[in-house]
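Would you be able to build a 3D model of this:
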Amino acid sequence: MKTILSAQEWECLQEIFDIAAELSSNERDAYLERACAGVPLLRLRIEALLSALESETKIGSVVSGAALQKFQAELPLPGDLLGSYRIMGVVGRGGMGVVYRAVRADDEYQKEVAIKVAALGLMAEELRQRFLEERQILADLDHPHIARLLDGGTTSEGLPYVVMEFVSGQPIDHWCEEQALGRTKRIRLMISVAKAVGYAHQHLVVHRDLKPENIYITGEGEPKLLDFGIAKALVPRTGPDIEMIDLSRIMTPAYASPEQVRGEAMTTATDVYQLGALLYLLLAGRLPFRDSSVDLGALERAICEVPAPSPELDGDLDCIVLRALEKDPGQRYSSANDLADDLERYLSGFPVAARSASWRYRVRKFAGRHKLPVAASVLALMTLIGFSVTMSVQARRIARERDAAERVSDFLQTVFTAADPSVARGHSLSARELLDRGAAGIEGLQADPQVRDRLLDTLGRSYANLGAYDRSDMLQRESLQLRRSLYGEHSTQVADTLEQLTENAVLHDQFAEAKSYAKEWAPLVQSLYGPDSQKSADALLTMAEVQLVESDLTSAEASLRRELQIDTKLHGADSPKASASLNMLGNTLFLEGKFAGAERALRRSLSIYQRGNWQESPRVIDTLDTEGKLGHVLRLEERYAEAEVVLRDALALQRKIQGPNHSRTASTESGLGLVLAEQGQFVEAEALERDALRIHTAALGAESMSAGVDESALGRLAVLRGRDAEAKPLFEHKVAICRRLFGADNPQLARALLDLGRLQVAMGRLDEAAPTLSMALAMEQRFTGDTSPYAAANHLALGRLHLAQDDLPSAKTEIERALSIYRSVQVNPVATAAAEQAMGELLLREGRPAEAQPALEEAFLSEKVRLPAGSLELQQTRMLLRQVVR
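Here you go, the predicted model:
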């Protein structure tokens, strides 16, 4: 018999100890009696640990010292490297080892991850092989609601480890309470969780420990299952020289299934039971068998013998929850996916599988889903008895008139649709000429207002696709007036035209008009189609655009996430509709400074769009728009080479498909110009920026936001060339445009003020810079908080201002805050280097060259591999380093 703890004994000891430590003395004795049955030495060790805990002695003096010391000595420490990952700290300790927070430490990228290191220093070689085999199994689990396995390896001490997606969030029960979620939203969350569990079951992985602490909700409101399947996979086969402990008794009692409590074999039905317990908790606010007044033995007896009490929700929902909690695994849902399907049936008003389906029940559910149609059918039946002949005559006459009008309209629409850039393939002149001829021809259709209306709408939309928003608005406004007279205010036709006018106004920088149209259009759509319809999803998308205009970023993100839920439900997660939602969501997250989330959303959108022969598809314009936005995100993440590839590809296709003078083509030119400028390619960058400014000025006007963005880009180019005086009027004009278009308080203005304030510091205009930068920071904090890269840039700019003012204490406060944010978000290596440079300069000014040297060296090394050789930032850092080594 071995004298040290085996790995599985150590796991059991820690698991049982953690549970026992939280129990009262009476509950603890009963629990230990059952948990340690047949293994008296284990109970002695746990009782010694509990005694040591109470007397504040070291655990290492109680447990087998040699084993514990060996385990601890083999484990990595914060600062150590595991492959490409640097350990940052300990997240938690589990039965089989330690979970660390780490970051990727090479030059590819720096993403936060979780690393679980197994305590194989205490394990048999057989268990090592089982761990490695299971790591491969987990690598096959690729589901959006399961924390992904990213990598794996072995430490220098021979300990296998797995690198997992780091999930930042809250346990599902805490999150639901904090967000004050209603019943429907809680059920939708559980549907996502159940589908993730079902996915794992299909890959032959059973979780066994589904509880709130293992289901986190991210900042985006998405569930993530943690440590999926590892505990079960790590159970080794019994060996003759190891005293084995029955691991089937390791469980969280309040969520344990009857077969777990009895120590029987566990299957996917165990996870179904635990999903039922979670559902009970989230909907009823309590667990089915959780009562602090009883001991653990009573709890286990209740789980095995007492039928679960009704959660007292409603008939169907009670049946669903109680079926998942059946004592007999064979009476539960056959799979987690079946549970998810029944919950979806409940939300949709269909009969649920958990309930016996009498004909009365099915009729009642049908009528509940279709109250108005059922009532209307009864009324229609009575009416038709008396008027069938008259109605049939009228129907035939109406059909003839309708068919005639549609034949004319469809023919003309076929002609005019050729003007759409998705079909015209960049021939904007001939497309515009065709539209102009069509618009002139409409004047001869005054006698048939319905056909005229349909053509006004078709022409208006095609003009908008060509970027001719003024002409589009004129036709759409005429269509709106005609539709109000033809169909009434509360009609789908009026709603469609209001939608187009809202979108035109947003694209044309007419934000006051956009808000006015949206306020009339959005509630009309909700009333006409219902909250979960496609039209309501479209309304949410356009409302988000208006909310972005109003700088209400939080509301815009919420609208887009809700719209994405509807589109996913109606069309699937890989639909073009979902892709459009992800496109807008990525843009919103980008404006909020959530660059990592923005990149994920935009790449997901692209992956959906770029399927099949996408370059010949009408979706090509949306695809190019997404590519352009992704390029902007990569630029702000300072991944210039990647951004250049994306933007050059998008620009080439935009010039071919939308034409060289389209406003979207110009926006991509401007983004590419900025990327090239940051890489020192000034000549091509300037040519692109000036062409973009020419196009935007011609299409949208010199005072448009797009023209202001181009001028700001030219200002940045001038700064990089050391021509500060050229940049000043360009930045000032951008500030004026933002104030005029968006008002005195918005994130676009905050970022324009930041550019101007940094320039004022560089030019020595410190009295002007102080209020400019203070206003920019206060504004940024109101819209994106104090943890975004935008806020960090403001703090760094203020730090440089204070350095120029010889206010070293204030400079230190601001620079330290900037460094803290940049190191936290880990997406701006050049900006982080700039903050390190500022800190090095501060330390030099304080007479602390030895402390300044590492900061400056780190800044120099980062800038050297990322910036052009002649960049001003690199030269400044090199000059400061020379002061250190004198």
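
which intervals of the stretch 751-886 of the chain have sub-threshold pLDDT?
Across the stretch 751-886 of the chain, the ranges flagged by pLDDT under 70 are 885-886.

For it, which segments count as strands?
Counting by DSSP state E, counting those that start in this stretch, one finds no strands in the stretch 751-886 of the chain.

And the stretch 101-250 of the chain, by the same measure?
Using DSSP E, counting those that start in this stretch, strands in the stretch 101-250 of the chain cover 112-118, 149-154, 160-165, 169-171, 215-218, 223-225.

so which of the ones you listed comes closest to Ala725?
Nearest of the strands of the stretch 101-250 of the chain to Ala725, taken as C-beta to C-beta: strand 112-118 at 42.4 Å. Where C-beta positions appear, they are placed from N, C-alpha and C, glycine not excepted.

Now the closest one: average pLDDT?
Strand 112-118 shows a mean pLDDT of 83.

Domain-wise, how is the chain divided?
For the chain, the structural domains run 1-167, 169-225+251-367, 371-500, 530-654, 660-743, going by automatic domain parsing.

so which of these comes closest to Arg823?
Here domain 1-167 is closest among the domains of the chain (C-beta to C-beta), at 9.2 Å.

Enumerate the positions of the one helix or strand Leu693 maps to that are buried.
Using DSSP states H and E, the element containing Leu693 is helix 682-700. Of all the residues in helix 682-700, those buried under the rule 16 or more other C-beta atoms under 10 Å are 682, 685-686, 688-693, 695-697, 699-700.

got a markdown table for those, with pLDDT too?
Below are the buried residues of helix 682-700 laid out as a markdown table (pLDDT from 0 to 100):
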| residue | pLDDT |
| --- | --- |
| Phe682 | 93 |
| Ala685 | 95 |
| Glu686 | 95 |
| Leu688 | 96 |
| Glu689 | 96 |
| Arg690 | 96 |
| Asp691 | 96 |
| Ala692 | 95 |
| Leu693 | 96 |
| Ile695 | 94 |
| His696 | 93 |
| Thr697 | 93 |
| Ala699 | 86 |
| Leu700 | 87 |
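
quick revisit: mean pLDDT for the strands of the stretch 101-250 of the chain: which is lowest?
Across those, strand 149-154 gives the lowest mean pLDDT, at a mean of 80.

and the angle for that one with strand 160-165?
160 degrees (axes from the mean of the first three to the mean of the last three C-alpha atoms, to 10 degrees).

Against which helices or strands is strand 149-154 packed?
Of the remaining helices and strands, those touching strand 149-154 by 3 or more C-beta pairs under 8 Å, 6 or more residues apart in numbering; DSSP states H and E are helix 125-139, strand 160-165.

got the contact list for Gln104?
Careful, residue 104 is Arg and not Gln. 84-86, 110-111, 113 (C-beta atoms under 8 Å, 6 or more residues apart in numbering).

can you tell me how far it sits from Phe595?
From Arg104 across to Phe595, the span is 16 Å (C-beta to C-beta, to the nearest Å).

what's around the nearest residue to Gly628 once chain neighbours are set aside, how many residues?
Once flanking residues are discounted, Gly628 sits nearest to Thr668: 4.6 Å by C-beta to C-beta, 6 or more residues apart in numbering. Neighbourhood size, Thr668 [other C-beta atoms under 10 Å]: 30.

Please apply the same query to Glu312.
Count around Glu312 with other C-beta under 10 Å applied: 9.

What does it show for phi and psi?
phi 60, psi 50 (degrees, to the nearest 10).

Contact partners for Tyr609?
576, 579, 619, 622-623, 626.

For it, which non-adjacent residue is spatially closest?
Thr623 (4.0 Å).

ok, and that neighbour, which helix or strand is that part of?
Under the criterion of DSSP H and E, Thr623 resides in helix 620-636.

Now the weakest link among the helices and strands packed on strand 149-154, please, by mean pLDDT.
Taking the mean pLDDT of the helices and strands packed on strand 149-154, helix 125-139 comes last: a mean of 59.

From Ala544, how far out is Leu874?
From Leu874 to Ala544 the distance is 40 Å (C-beta to C-beta).

which residues in the stretch 751-886 of the chain form helices?
766-784, 789-804, 808-825, 829-845, 849-866, 872-885 (DSSP state H, counting those that start in this stretch).

what does stretch 847-861 contact?
For stretch 847-861, contacts defined as C-beta under 8 Å, 6+ apart pick out 833-834, 836-837, 839-844, 874, 877-878, 880-881, 883-885.

Give the buried subset of those as a PyMOL selection command.
Selection command for PyMOL covering only the buried members of the contacts of stretch 847-861, criterion 16+ other C-beta under 10 Å:
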select buried, resi 833+834+836+837+839+840+841+842+843+844+874+877+880+881+884
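
Would you mind checking the contacts of Arg104 for buried ones?
84-86, 110, 113.

quick one: contacts for Ala512?
Contacts of Ala512 (C-beta under 8 Å, 6+ apart): none.

In contact with the residue nearest to Gln760 when sequence neighbours are not counted, which residues?
Once flanking residues are discounted, Gln760 sits nearest to Ala769: 3.7 Å by C-beta to C-beta, 6+ apart. Residues near Ala769 by C-beta under 8 Å, 6+ apart: 757-758, 760-761, 801.

one step back: looking at the buried ones among the contacts of Arg104, which is nearest Thr588?
Nearest to Thr588 out of the buried ones among the contacts of Arg104 is Gln110 (C-beta to C-beta; 23.7 Å).

Surely the residue nearest to Gly628 touches Gly631?
Yes: the pair Thr668 and Gly631 passes the contact test of C-beta atoms under 8 Å, sitting 7.4 Å apart.

hey, what's in contact with both of those two?
647, 650.

Now do the helix or strand harbouring Leu647 and helix 620-636, the angle between them.
For Leu647, the element it lies in under DSSP H and E is helix 640-657. Helix 640-657 runs at 160 degrees relative to helix 620-636, counting by the same axes, to 10 degrees.

Restricting to C-alpha, output helix 640-657 in CSV.
What follows is helix 640-657, C-alpha atoms only, in CSV (Å, rounded to 0.1, in the frame of the first residue of the first chain):
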residue,chain,number,x,y,z
TYR,A,640,-1.6,47.3,-39.4
ALA,A,641,-0.3,44.6,-41.7
GLU,A,642,-3.5,42.6,-41.2
ALA,A,643,-5.7,45.7,-41.6
GLU,A,644,-3.9,46.6,-44.9
VAL,A,645,-4.6,43.2,-46.4
VAL,A,646,-8.3,43.3,-45.4
LEU,A,647,-8.8,46.9,-46.6
ARG,A,648,-7.0,46.5,-49.9
ASP,A,649,-9.1,43.5,-50.8
ALA,A,650,-12.3,45.4,-49.9
LEU,A,651,-11.3,48.5,-51.8
ALA,A,652,-10.5,46.6,-55.0
LEU,A,653,-13.9,44.9,-55.0
GLN,A,654,-15.7,48.1,-54.0
ARG,A,655,-14.2,50.0,-56.9
LYS,A,656,-15.3,47.2,-59.2
ILE,A,657,-18.8,46.7,-57.9
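
Quick one: distance of that helix to the chain centre.
25 Å (C-alpha atoms, centre = their mean, to the nearest Å).

go on, stretch 706-719?
With C-alpha atoms, centre = their mean, you get 30 Å for stretch 706-719.

Check stretch 756-775 too.
That offset, for stretch 756-775, works out to 35 Å (C-alpha atoms, centre = their mean).

do the same with stretch 534-542
19 Å.

Give me the mean pLDDT for it.
Mean predicted lDDT for stretch 534-542 stands at 83.

could I have it exported to PDB, CA atoms only?
Provided in PDB are the C-alpha atoms of stretch 534-542 (Å, rounded to 0.1, in the frame of the first residue of the first chain):
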ATOM      1  CA  GLN A 534     -38.700  40.100 -38.800                       C
ATOM      2  CA  LYS A 535     -40.000  43.600 -39.200                       C
ATOM      3  CA  SER A 536     -39.500  44.300 -35.500                       C
ATOM      4  CA  ALA A 537     -35.900  43.000 -35.800                       C
ATOM      5  CA  ASP A 538     -35.400  45.400 -38.800                       C
ATOM      6  CA  ALA A 539     -36.800  48.200 -36.700                       C
ATOM      7  CA  LEU A 540     -34.400  47.400 -33.800                       C
ATOM      8  CA  LEU A 541     -31.500  47.500 -36.300                       C
ATOM      9  CA  THR A 542     -32.400  50.900 -37.600                       C
END
